[in-house]
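[1] Sequence first, predicted coordinates after that:
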Amino acid sequence: MAEVCLVVDDAMSVAPDAEVHQYFLSCGGSAANFACCGSALGMNVELMSQMGDDSVTPMLSADLSDFGVGVRFVRRHSGPNSVCVIVIGEDGERRFMSHRRPETAEEQHGPENFDGFDWVHVSGFVFQREGSAQRAWRIIERARANGITISLDPSPLMAPYVKNVNPALLANVDYLFPNAFEAAALTGLTDPDRAAERLLDMGVPLVALTRGADGVLLRGPNLDQQLPAAPQPRVQDSTGAGDAFAAGFVAATRQGADPVDAARTGTLAAAAIIARVGGHSGAVDLQGR
Ligand SMILES: Nc1ncnc2c1ncn2[C@@H]1O[C@H](COP(=O)(O)OP(=O)(O)OP(=O)(O)O)[C@@H](O)[C@H]1O
Ligand SMILES: [Mg+2]
């Protein structure tokens, strides 16, 4: 997804014309954010996604290539890419205006077997649409059958899918990385501790519930720990913080870290991402770490 970030006085103003003090054109999208951060942290990542055919395609393509993200499973289609306009006010208030490409009927893509892979990370946005939800669920089932570890980063609007279509989803992942809003949407509980507890009851083995500047709540059968966020005095744009956290957590876990150390690595990765405008522009600062 391409991001157009506009800094204005008042993000919520509906004036017919508004002065833009700064603008940034960047690359984002939850799955691409995870992929670029993960690759920068040394993982060998293949992105499973789609790319359109318009004037931002070269930028999106070059970005994945710069971070060394594999694109074997990125399907090209004719038509526009997904774009998000992010309007940021002086007070930090933001307004997102997203164009997500209309869903089309597509055949299954992704690896037939999982040779060479040991982890599948799923961005919850795929569960906001019927076709992509079905495809993602089939990939999860196949990955599970192949003994692959699965992590899921929920999206704000995927709760109806879990509730009405596929209550078994959460019990079929190994790690869940909700933010506080998503945990509340999935459980109906606004208290983060109680929401995390309920997610364990729903079958999730390990929950890392991210709470923005307040850090992370880690819950598992024998785990109940609160970690602070890594200090970041230069917060520019928190978009992508959760994706970076997930990438750091997964990278560290694959290297043998326990959940607490993995979460710590996640908060460090997130701190790097929020220091730059863009969903994963800060991933350059993760390279070689
Ligand atoms: N303002 C902040 N200061 C320091 N750390 C932060 C801040 N915001 C986020 N983080 C770090 O990033 C992690 C994930 O943030 P958050 O809970 O906002 O995720 P998220 O809502 O999923 O983000 P996104 O959807 O934009 O990727 C937090 O646990 C924390 O470590
Ligand atoms: Mg998130």
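    Structure's in. What do you need? Residues are numbered from 1 along each chain as shown. Ligands and ions are numbered 1, 2, ... in the order given.

[2] I'd like to check which residues are in contact with residue 77.
    50-53, 101, 104 (CB atoms under 8 Å, 6 or more residues apart in numbering). C-beta here means a position set from N, CA and C on the backbone, and glycine is covered the same way.

[3] ok, now with 7 Å
    Residue 77 is in contact with 50, 52-53, counting by CB atoms under 7 Å, 6 or more residues apart in numbering.

[4] Now flag whichever of these is closest to ligand 1.
    Ligand 1 lies nearest to residue 50 out of the contacts of residue 77, by CB to the nearest ligand atom, at 20.0 Å.

[5] how close does the closest one get to residue 146?
    Residue 50 sits 23 Å away from residue 146, going by CB to CB, to the nearest Å.

[6] neighbour count winner among these two?
    Neighbours were counted for residue 50 and for residue 146 using other CB atoms under 10 Å; residue 50 has more, 18 against 14.

[7] Count the residues that sit near the nearest residue to residue 202 once chain neighbours are set aside.
    Sequence neighbours aside, residue 170 is the residue nearest to residue 202 in space, at 4.9 Å (criterion: CB to CB, 6 or more residues apart in numbering). The number of residues packed near residue 170 is 21, by other CB under 10 Å.

[8] Surely residue 170 is in contact with residue 204?
    Yes: using CB atoms under 7 Å, residue 170 makes contact with residue 204 at a distance of 5.1 Å.

[9] got the end-to-end distance for stretch 159-179?
    Stretch 159-179 stretches 13 Å from its first residue to its last (CA to CA, to the nearest Å).

[10] Let me see the mean pLDDT of that stretch.
    The predicted model assigns stretch 159-179 a mean pLDDT of 98.

[11] Give me the contacts around that stretch.
    The set of residues external to stretch 159-179 that reach it, using CB under 7 Å, 6+ apart, is 127, 133, 137, 140, 144, 149-154, 185-186, 199, 202-210, 242, 245-246, 249.

[12] and what of stretch 133-147?
    108, 110, 113-114, 120, 122, 126-127, 150, 161, 166, 172.
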